[in-house]
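Asks: Okay, predicted coordinates and the sequence, questions at the end:
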Amino acid sequence: MYRRIIKLRALIGFLGEEDQFEWWDTSFMDSTGQRFLERSFPRDPFQAGLHSATVAARKLHDESIGKGDVAHLFRLPHAREQRLAETLRKLEVPLQEELSSQENALEALKETAVEVPDAVGAVQIGSGLTLTSESSVAVMAGHYHRGFTNGHMIFPYVTSE
């Protein structure tokens with residue numbers, strides 16, 4: 001389950017960067033950014049890049065959604081963020097093929113996605129903080145894919161019960 005969240009977070013983190021769709025102003029997930037990070041974080045430049053993109057994406061999502069009793073791809077409940085970090089430390093292959101180009105990342109995102117209605121901005125996709133379920137991941141992927149391909153920002157989230 002957490003591997004799917006990591007993959008989705010990496011794809012959206014990469015696609016949202018300034019060299020792709022410019023949702024946030026980082027450039028750590030592409031090959032140039034990864035080479036830059038290798039100097040400061042030689043043990044795991046991918047994890048450092050994903051963290052940096054996550055911080056930037058979290059800020060934009062929080063500004064659009066708010067920080068109350070909600071969760072989104074880049075802000076999970078604390079215990080789930082800890083499990084996500086543990087899973088990330090154990091990953092061996094950091095999605096190099098999927099993150100090699102905008103086209104590859106969009107295709108990988110499309111493969112994960114289900115069809116969703118068009119929406120713009122913050123869109124509630126559920127309640128009960130079920131964000132890590134397989135169906136929620138597919139719905140989030142669908143919204144992000146639609147947003148990137150249609151040229152508008154979208155921020156899927158769930159509320160607490």
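Replies: Nice, thanks for sending it over.
Asks: After the longest helix seen in the chain, which helix or strand is next?
Replies: For the chain, the helix reaching the highest residue count under DSSP state H is reported as helix 45-65. Using DSSP states H and E, the helix or strand that follows helix 45-65 in sequence is strand 70-72.
Asks: Strands along the chain, start to end?
Replies: With DSSP state E as the criterion, the chain has strands at 70-72, 121-127, 154-159.
Asks: what comes into contact with stretch 4-12?
Replies: 29, 50, 53-54, 57, 73-74, 76, 84, 87-88, 91, 94-95, 98-99, 105, 108-109, 112, 132, 134, 137, 140-141, 144 (CB atoms under 8 Å, 6 or more residues apart in numbering). Where you see a C-beta, it was placed from the backbone N, CA and C, and this is true even at glycine.
Asks: Thought His51 was touching Leu37, still the case?
Replies: No - counting by CB atoms under 8 Å, Leu37 does not reach His51; the two are 10.0 Å apart.
Asks: Those two: which is more packed in?
Replies: Leu37 (20 against 17; other CB atoms under 10 Å).
Asks: show me the contacts for the residue lying closest to the more buried one once chain neighbours are set aside.
Replies: Leaving aside its chain neighbours, Leu37 sits nearest to Pro45 (3.7 Å; criterion: CB to CB, 6 or more residues apart in numbering). Pro45 makes contact with Gln34, Arg35, Leu37, Glu38, according to CB under 8 Å, 6+ apart.
Asks: okay, Pro45: pLDDT?
Replies: What the model reports as pLDDT for Pro45 is 90.
Asks: pLDDT weak spots in the protein?
Replies: Scanning the chain for pLDDT under 70 picks out 92-94, 128-129, 132, 161.
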